[in-house]
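Engineer: Sharing a model prediction with you, sequence too.
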Amino acid sequence: MGGHHSHPHDHGAGHEHGPLEHWPAGGKLAGALVLILTVVLLPRTAVTGLMITGTVIAGLLAVSQIPLWHLVKRLLLLEPLVLGVAGLMWFQPGGGKIFAVVMLKANLCLLTTLLLSNTTPFTELLRVLQRLRVPWIFVTTLTLMHRYLFVLADEAERMCRARSSRTFTRGRRWQWLALASVVGQLFVRATERAERIYNAMCARGWK
Amino acid sequence: MNAIEITDLKYRYRDGTEALRGISFRVLPGECIALLGPNGSGKSTLLLHLNGLLPEKLSGDGAVKIYGEPVATKNLEQIRRQVGLVFQDPDDQLFCPTVAEDVAFGPQQLGLNETEIAARVKKSLAQVGLAGFENRHTHHLSHGEKRRACLAGVMACEPAVLVLDEPTSDLDPRGRREFKAMLRTLPATKLIATHDLELAVELCARTIILDHGQIIADGRTVGLLSDEKLMLAHGLERPHILHHLHPH
């Protein structure tokens, strides 16, 4: 079982602890929201404003001591989504400039989120949400998701390993088929597990 | 009064599989009973009934009674308060991020106040030997620790009847030994579904053998488990430990 696996999402990143990690989670969450709102609400023409906010975020990133390569990797992972949205802007008159601004804004927001998630354990954020009286169903869903993401990831890893140990061809097509069946199996297993978790919750008085 | 009273319990899954075909037995308060049987004999299905977890069986027909109360929709809360169910896969049961939160889940559902909840968490963690594990993340525990945390979560609800589904599967020998020693210290009435025959001999004075959804035998553990013919006929075997108890 995945008993002692290190789970990078658990305590933010697997990097050295920077000073930002000791700041209260509530303050960090509020700060991140303010930064994101500022970026989103600033008009397209307010380049100076964007630059200032960008500098603040960059400053915080420098203070946080999150390794640069770590940030870049995460950012690249999310970039296709940003490109997908920003790409549509090309079709407008004056599209080039709008495209650049949308790219900048989206990336600043992503960086802020990455900054928050890499300096604050997810469980602390959940506790803040609870204290803020965010509807319980939302917090519960997030809590369960966070808890079982790792279980599912471990399960997927085991299934992939078992598959590859019996895969003797290097054909691309075959690999895609194998992947598809792993995903399908994972879905079935996740549904069954959900049922068992629900039973376990009921058994301890969940109403 | 009987802690558990089951009378002619039948259950058929939606796909037509007959899981239980007329099961009857009684458990007195304080008894510790081993429920043995091959895979697919209906053990887990039977255990789910004790907590009213099969919705189609909540008509209150009185086939399952806990301390005289039939398991039915209207008294589910009371039934689940009295019967603590420890599931087979600890990952299903530990659904909270930290150990303390998970153990506190049951007491919270019982509507206890913060001080009482904290006291229950502390007490049950100490009971299972996990004192000091409060802030550990549940997915970082070893398998043995997960098992203990599950048990702590159930013990925190202070059930009168403890129902365990294969509590020692996947544990290493030391983990198994320690888990058994800990189980012995718990005062509740216990019904343990298991393939661990040594556990049955060491902890349970009485054994019920289930096969094809029927009770094959119900009696003193040592007597039943020494009956090699009976054991082999139902996917079991005579445990080695008995050779030492009754040398011949």
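Structural biologist: Looks like it came in fine. Note that the structure is a prediction, hence the values are computed from the model and not measured.
Engineer: Following element in sequence after the helix or strand that contains residue B:191, please.
Structural biologist: Per DSSP states H and E, residue B:191 falls inside strand B:189-193. With elements assigned by DSSP H and E, the helix or strand that comes after strand B:189-193 is helix B:197-203.
Engineer: chain center to that following helix, what's the gap?
Structural biologist: Taking C-alpha atoms, centre = their mean, to the nearest Å, one finds the center of helix B:197-203 at 14 Å from the center of the full chain.
Engineer: Restricting to C-alpha, output that helix in CSV.
Structural biologist: What follows is helix B:197-203, C-alpha atoms only, in CSV (Å, rounded to 0.1, in the frame of the first residue of the first chain):
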residue,chain,number,x,y,z
LEU,B,197,-7.9,-19.0,12.4
GLU,B,198,-5.3,-18.3,15.1
LEU,B,199,-7.2,-15.1,16.0
ALA,B,200,-10.4,-17.2,16.3
VAL,B,201,-8.7,-19.7,18.7
GLU,B,202,-7.0,-17.0,20.7
LEU,B,203,-9.8,-14.5,21.1
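Engineer: Whichever helix or strand comes after it pairs with which strands, and in what direction?
Structural biologist: As assigned by DSSP H and E, the chain's next helix or strand after helix B:197-203 is strand B:206-211. Sheet pairing of strand B:206-211 (DSSP bridges) gives strand B:32-36 (parallel), strand B:214-220 (antiparallel).
Engineer: Show residues contacting the longest one.
Structural biologist: It stands for strand B:214-220. Strand B:214-220 is contacted from outside by B:21-25, B:37, B:205-210, B:224, B:230, B:234, using C-beta atoms under 8 Å, 6 or more residues apart in numbering or on different chains. Heads up, the C-betas are built off the backbone N, CA and C, glycines and all.
Engineer: For stretch A:150-162, what does the pLDDT average out to?
Structural biologist: Stretch A:150-162 comes out with an average pLDDT of 84.
Engineer: Can you confirm whether it lies near chain B?
Structural biologist: Yes: applying C-beta under 8 Å from any C-beta of the partner chain, one finds stretch A:150-162 in contact with chain B at A:150, A:151.
Engineer: what's near enough to touch the residue of chain B found nearest chain A?
Structural biologist: Closest to chain A within chain B is residue B:109: 3.3 Å, counting by C-beta to the nearest C-beta. Counting by C-beta under 8 Å, 6+ apart, residue B:109 touches A:204, A:205, A:206, A:207.
Engineer: Most neighbours among those residues, please name it.
Structural biologist: In terms of neighbours by other C-beta atoms under 10 Å in any protein chain shown, the contacts of residue B:109 top out with residue A:204 at 26 neighbours.
Engineer: Can you tell me the SS state at the spatially closest residue to that residue that is not a sequence neighbour?
Structural biologist: Distance criterion C-beta to C-beta, 6 or more residues apart in numbering or on different chains; nearest residue to residue A:204, sequence neighbours excluded, is residue B:106 at 4.1 Å. At residue B:106 the chain is in helix, as set by DSSP: H, G, I helix; E, B strand; the rest coil.
Engineer: got it, and residue B:20?
Structural biologist: Assigned with three-state DSSP, residue B:20 falls in the strand class.
Engineer: is it in a bridge, and if so with what?
Structural biologist: Here residue B:20, judged by DSSP bridges, has bridge partners residue B:11.
Engineer: Could you export stretch B:122-137 as PDB, CA atoms only?
Structural biologist: C-alpha atoms of stretch B:122-137 as PDB (Å, rounded to 0.1, in the frame of the first residue of the first chain):
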ATOM      1  CA  LYS B 122      -7.800  11.100  23.300                       C
ATOM      2  CA  LYS B 123      -9.200   8.100  25.100                       C
ATOM      3  CA  SER B 124      -9.800   6.000  22.000                       C
ATOM      4  CA  LEU B 125      -6.400   6.800  20.500                       C
ATOM      5  CA  ALA B 126      -4.800   5.700  23.700                       C
ATOM      6  CA  GLN B 127      -6.900   2.600  23.700                       C
ATOM      7  CA  VAL B 128      -5.600   1.500  20.300                       C
ATOM      8  CA  GLY B 129      -2.000   2.600  21.100                       C
ATOM      9  CA  LEU B 130      -2.000   5.600  18.800                       C
ATOM     10  CA  ALA B 131      -1.600   8.400  21.400                       C
ATOM     11  CA  GLY B 132       0.300  11.300  19.900                       C
ATOM     12  CA  PHE B 133      -0.900  10.500  16.300                       C
ATOM     13  CA  GLU B 134      -3.600  13.200  16.400                       C
ATOM     14  CA  ASN B 135      -2.200  15.500  13.700                       C
ATOM     15  CA  ARG B 136      -0.800  12.700  11.500                       C
ATOM     16  CA  HIS B 137      -2.200  12.600   8.000                       C
END
